[in-house]
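> Need coordinates for the below:
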Amino acid sequence: MLPSYDLTAITARLAGRDAALDALTQERQAAVAAILRAPARPPGAGRTPAVQVRPGEAELLLIRRAERRGDPWSGHMALPGGRRDPVDEHLLATAIRETHEEVGIDLVENGTLLTRLPDVPAVVRGRRVGMIIAPFVFALRSTPELTLSDEVAEALWTPLGPLARGECSSTYRYTHEGNVLDLPCLLVDERIVWGLTYLMLEQLFDVLHA
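Numbering: from 1, shown residues only. Presented below is the predicted three-dimensional model:
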């Protein structure tokens with residue numbers, strides 16, 4: 001584990017890693033942004049006693065997707081992002097555009113790209129759907145006020161340290177084709193982060209702890 005999960009330590013750990021802008025695949029593509037910032041409130045403010053937030057620890061932006069018919073990830077906790085549009089020059093552009101549309105953050109003006117994590121195949125109800133998702137990690141130089149689109153029900157900043165240290169680890173009971181599965185998840189202020197977003201965050205933690 002890192003001795004500190006402050007933004008300076010995270011940036012130093014990710015420095016020099018590959019940040020390829022695009023994908024070498026013919027599958028459908030999407031991109032998301034794992035956005036980190038320096039803390040904006042005192043350690044422990046608004047947190048449960050079981051979570052130990054240390055001074056200076058970076059915060060991660062999470063969103064809860066709006067309930068939408070036909071969206072396989074309706075209502076899920078997620079990272080800002082979405083499907084690649086024909087106007088997007090590359091997948092990095094997708095992450096930047098979708099973030100601005102969903103939460104109002106201009107990552108070109110306010111952010112610094114730190115790295116790209118390994119692509120994650122999109123899975124719905126246990127089956128691949130022929131699409132890859134590219135997660136990009138950014139550090140914010142300043143934090144504009146969030147402006148949520150109708151695709152986003154809420155957005156919250158949460159300290160990265162407790163997530164990376166395993167203090168928020170739990171299991172989510174999921175029923176799939178009659179089988180009850182206990183899937184790994186993270187509990188964030190009584191919200192459940194599981195599935196694809198959980199996998200992406202675990203990839204980030206693996207890189208930070210390498």
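
> Give the pairing partners of the top strand by length along the chain; include direction for each.
The longest strand of the chain (DSSP state E) is strand 127-140. Here strand 127-140 has these sheet partners by DSSP bridges: strand 28-37 (parallel), strand 111-116 (antiparallel), strand 120-124 (antiparallel).

> Go through it and flag the buried ones.
For strand 127-140, the neighbour count (16 or more other CB atoms under 10 Å) marks Met131, Ile132, Ile133, Ala134, Pro135, Phe136, Val137, Phe138, Ala139, Leu140 as buried. Quick note: C-beta positions are derived from backbone N, CA and C, even for glycine.

> partners of the very next helix or strand once past that strand in the sheet?
Remark: after strand 127-140, the chain's next helix or strand is strand 152-159, criterion DSSP states H and E. Strand pairing for strand 152-159, using DSSP bridges, gives strand 59-65 (antiparallel).

> one step back: now the longest strand of the chain: how far from the chain's centre is it?
9 Å (CA atoms, centre = their mean, to the nearest Å).

> any idea of the mean pLDDT in that strand?
The pLDDT scores in strand 127-140 average 93.

> Let's see the pLDDT reported for the residue located most distally from the centre of the chain.
Distance from the C-alpha centroid of the chain, by CA atoms, centre = their mean, peaks at Gly178 (29.6 Å). At Gly178, the pLDDT value in this model is 76.

> do the same with the one 3 residues further on
According to the predicted model, the pLDDT of Leu181 comes to 84.

> got it, and Arg68?
Reading off the model, Arg68 has pLDDT 85.

> contacting residues for it?
Ser74, Glu151 (CB atoms under 8 Å, 6 or more residues apart in numbering).

> how close does it sit to Tyr174?
Counting by CB to CB, to the nearest Å, the gap between Arg68 and Tyr174 amounts to 20 Å.

> One more: Leu117?
Per CB to CB, Leu117 is found 24 Å from Tyr174.

> Between the two, which has more neighbouring residues?
Remark: of Leu117 and Tyr174, Leu117 carries more neighbours, 25 against 15, as counted by other CB atoms under 10 Å.

> so the lowest-mean-pLDDT helix or strand in the chain versus strand 127-140, what angle?
When each helix and strand of the chain is scored by mean pLDDT, DSSP states H and E, strand 169-176 comes last, with a mean of 87. In terms of direction (axes from the mean of the first three to the mean of the last three CA atoms, to 10 degrees), strand 169-176 departs from strand 127-140 by 150 degrees.

> In strand 169-176, which residues are buried?
Tyr172.

> what does it rub up against?
Arg125, Gly126, Val180, Leu181, Asp182, Leu183, Pro184, Cys185, Leu186, Leu187, Ile192, Trp194.

> what do you get for stretch 179-199?
46-48, 62, 64, 73, 76-79, 120, 122-123, 133, 156, 158, 163, 168-175, 201.

> next one: stretch 5-16
Stretch 5-16 is contacted by residues 2-3, 36-38, 54, 56-58, 112, 114-115, 137, 139, 159-161, 164, 207-208 when judged by CB under 8 Å, 6+ apart.
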